[in-house]
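Visitor: Build me a model:
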Amino acid sequence: MAGALPGKRALVTGAASGIGRAIAAAYVAEGAEVTLADRDHRVPTVADEIGARRGVVLDATSETEVDALVERVVAEDGGLDILVCSHGILTQSPTVDMPTELWRETVDIDLTSVFLCNRAALRPMLDQGAGRIINVASQLAIKGGVSLAHYAAAKAGVIAMSKSISLETATRGVLVNAIAPGPVDTPMVAGIDDDWKHSKRAELPLGRFGRPEEIAPVAVLLASDPGGNLFVGQVLGPNSGDVMP
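Guide: Model (predicted):
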């Protein structure tokens, strides 16, 4: 089987659209057996469209649903080699006016659910002594964003969690890393107001937002052998120059 990921068993969340769909499609093209998961009920159709193994409707905030999906993949596919957490929400609110419920919803979906997925995937990966976990964060986790304190805080948590897990698991064969994209033209970003998007484009050295298919190769690299073998607790930043660490 040709490709960078021949026969690898992958689970990609947030895979019905945007970055998650692009990563899932790239994985299929590279020879992986891919399960798509998303709360969007179109996900089985998307799985068929890109030739994935299956598409499953998932509430990633549900511990029961997350554990059951990982157990299903392991039982039906014989294991799990790659997890990509690409799901999330993006809303705007000045901090002084932010409802507590909006904060909690964002942290629940953008951070706690990523923990649930990571924890569930670690069990079979550690048992088999190998695996790759790739968590999609954001460049705003590094630099912050106006009216986006809740989102930036959750994504900063994803980065810190990824680094911490990598310290626990690298010697046991499981490598954990994060991708922190800049603004990307996706349905999620489409919901942000036009003034913000116009100002953000003007800030970017590249002068434009990214496209999902420009993020996907980073996820292929991190999941591949030998390409991703030395990445441990790293944060890769395809961000149009918005952050230069």
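Visitor: any idea how far stretch 12-21 is from the chain center?
Guide: 8 Å (Cα atoms, centre = their mean, to the nearest Å).
Visitor: Could you tell me the end-to-end distance of that stretch?
Guide: End-to-end distance of stretch 12-21: 8 Å, with Cα to Cα, to the nearest Å as the criterion.
Visitor: List the contacts of the longest helix seen in the chain.
Guide: As assigned by DSSP state H, the longest helix anywhere in the chain is helix 149-169. Applying Cβ atoms under 8 Å, 6 or more residues apart in numbering, the contact partners of helix 149-169 are 85, 88, 90-91, 93, 95, 98, 102-103, 106-107, 109-111, 114-115, 118, 122, 125-126, 133, 135-138, 140-142, 144-145, 175-178, 180, 232-233, 235. C-beta here means a position set from N, CA and C on the backbone, and glycine is covered the same way.
Visitor: Helices - which of these land there?
Guide: Short answer: the contacts of helix 149-169 in helices (DSSP H) are 102-103, 106-107, 114-115, 118, 122, 125-126, 140-142.
Visitor: What is the most widely separated pair among those?
Guide: Largest separation among the ones in helices among the contacts of helix 149-169 by Cβ to Cβ: 102 and 126, giving 35.4 Å.
Visitor: Please work out the average pLDDT along the longest helix of the chain.
Guide: Throughout helix 149-169, pLDDT has a mean value of 98.
Visitor: Keeping just the C-alphas, turn that helix into CSV.
Guide: Extracted in CSV, the C-alpha atoms of helix 149-169 (Å, rounded to 0.1, in the frame of the first residue of the first chain):
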residue,chain,number,x,y,z
ALA,A,149,-10.3,35.1,26.0
HIS,A,150,-12.4,31.9,26.5
TYR,A,151,-11.2,30.4,23.2
ALA,A,152,-7.6,31.3,23.7
ALA,A,153,-7.6,30.0,27.2
ALA,A,154,-9.1,26.6,26.1
LYS,A,155,-6.6,26.3,23.3
ALA,A,156,-3.7,27.2,25.6
GLY,A,157,-4.9,24.4,27.8
VAL,A,158,-4.8,22.0,24.8
ILE,A,159,-1.1,22.9,24.2
ALA,A,160,-0.1,22.5,27.9
MET,A,161,-2.0,19.2,28.1
SER,A,162,-0.3,17.9,25.0
LYS,A,163,3.1,18.8,26.4
SER,A,164,2.3,17.2,29.7
ILE,A,165,1.0,13.9,28.2
SER,A,166,4.0,13.7,25.9
LEU,A,167,6.3,13.7,29.0
GLU,A,168,4.3,10.8,30.4
THR,A,169,4.1,8.7,27.2
